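Visitor: next input, structure requested:
(chains A and B)
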Amino acid sequence: MLALTVLYDPECGLCKRAHEWLAEQSKIVELNFVPCASDEARKRYPQLDHDLTKQDLTVVSDAGAVYFGPKAWLMVLWALVRYRDWSYRLATPELLPTTKRVVSLISQNRYQIGRVAGLNR
Amino acid sequence: MTIGISTYLIYLALSIALTVWVARTLHKNGRVFLVDVFHGNEALADSVNHLLVVGFYLINFGYVSLALKLGYAVVTAEQSIEALSVKIGMVLLVLGGMHFFNLFIFSRMRRRSTRHNHPPVSPDAFTATAVHQEA
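Guide: Predicted structure coming up:
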């Protein structure tokens, strides 16, 4: 696997801030950012359910493997030099349920979190 | 030469010989591990191997040196043997501990390097990618 396409929500301040942070990190796997449900996304993945990608972060590998929600977050961590070990740690059977719960919570409240943190400008 | 002095000398000779033996074993057999960890980069493997052995020598000789003092007079041959057995026993235990610590480091490095390439989670689905069709 050489590249991951990250379908992110362009209307969410938290996601934009996360995007900026990710751009600064050194990567093992290349990350391409495409706004979810955009023309570009539809062109790249004609068969993907694009309404679903608006609900939560989606990552697609260059081989077409789709990772949705918490799994997409883990794949993004896995792409980073400094956090690859953490992606394995958070994906162990002991920690995966907690990871999923925390990530879903952040994801579902991303607009509120962005507003409280002053990121929605 | 008094029995006290010969006890110290025997202690030093045995400890040094044991440390050198364990260090050589580590050096000889650890290399294969390290070459594998560094994906066949033998120069890097030899360098790390050498550095590990230097650390091993420093810690062990440091311990041997610190533990030399008996703190009581050894007069008879019996006392000498007893004192030696305690001292050498301690050196052996420290060597054993260090040895297993080294093995632990080797195996951890190996595990890190081997699990590097597979994703942490399995995909939820597969989709066709238009990117490949264009290229």
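
Visitor: how about low-confidence regions in chain A?
Guide: Scanning chain A with the threshold set as pLDDT under 70 gives A:120-121.

Visitor: do a quick rundown of the helices in it.
Guide: For chain A, the helices defined by DSSP state H occupy A:13-24, A:39-44, A:50-55, A:70-78, A:84-90, A:96-108, A:110-116.

Visitor: ok, now chain B?
Guide: B:3-37, B:42-66, B:77-114, B:130-134.

Visitor: quick one: which of those helices is nearest chain A?
Guide: The minimum distance between chain A and the helices of chain B falls on helix B:130-134, with 5.1 Å, by C-beta to the nearest C-beta. Yep, even glycine has a C-beta here, placed from its N, CA and C like the rest.

Visitor: middle-most residue in chain B, spatially?
Guide: By C-alpha atoms, centre = their mean, chain B has its centre lying nearest to B:Asn102, at 3.5 Å.

Visitor: that one against B:Leu52, yeah?
Guide: Yes: with contact defined as C-beta atoms under 8 Å, B:Asn102 and B:Leu52 form a contacting pair (6.5 Å).

Visitor: anything in contact with each of these two?
Guide: Listed as contacting both B:Asn102 and B:Leu52 by C-beta atoms under 8 Å, 6 or more residues apart in numbering or on different chains are B:Leu26, B:Gly30.

Visitor: quick check: end-to-end length of stretch A:103-114?
Guide: 15 Å (C-alpha to C-alpha, to the nearest Å).

Visitor: what sits up against it?
Guide: Taking C-beta under 8 Å, 6+ apart as the rule, stretch A:103-114 contacts A:9, A:12-15, A:17, A:56-57, A:69-70, A:73, A:119-120.

Visitor: got the contact list for the spatially most distant residue from the centre of chain A?
Guide: What lies farthest from the middle of chain A is A:Glu94; by C-alpha atoms, centre = their mean that is 21.9 Å. Not one residue lies near A:Glu94 by C-beta under 8 Å, 6+ apart.

Visitor: residues from chain A in reach of chain B?
Guide: Contact residues, chain A versus chain B (C-beta under 8 Å from any C-beta of the partner chain): A:1, A:43-48, A:60-68, A:71, A:74-75, A:77-78, A:84-85, A:87-88, A:90-91.

Visitor: quick one: closest of the helices of chain A to B:Ala13.
Guide: helix A:84-90 (44.9 Å; C-beta to C-beta).

Visitor: buried residues in the closest one, which are they?
Guide: A:Arg84, A:Ser87, A:Tyr88, A:Leu90 (16 or more other C-beta atoms under 10 Å in any protein chain shown).

Visitor: export the residues you listed to JSON lines and tack on distance to B:Ala77?
Guide: Formatted as JSON lines, the buried residues of helix A:84-90 follow (distance: C-beta to C-beta, whole Å):
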{"residue": "A:Arg84", "distance to B:Ala77": "61"}
{"residue": "A:Ser87", "distance to B:Ala77": "63"}
{"residue": "A:Tyr88", "distance to B:Ala77": "59"}
{"residue": "A:Leu90", "distance to B:Ala77": "63"}
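
Visitor: buried residues, stretch A:2-17. List them.
Guide: A:Leu4, A:Thr5, A:Val6, A:Leu7, A:Tyr8, A:Asp9, A:Cys12, A:Gly13, A:Leu14, A:Cys15, A:Lys16.

Visitor: just these now: which is nearest chain B?
Guide: Nearest to chain B among those, with distances taken as C-beta to the nearest C-beta, is A:Thr5, at 8.2 Å.

Visitor: okay then, goodbye and thanks.
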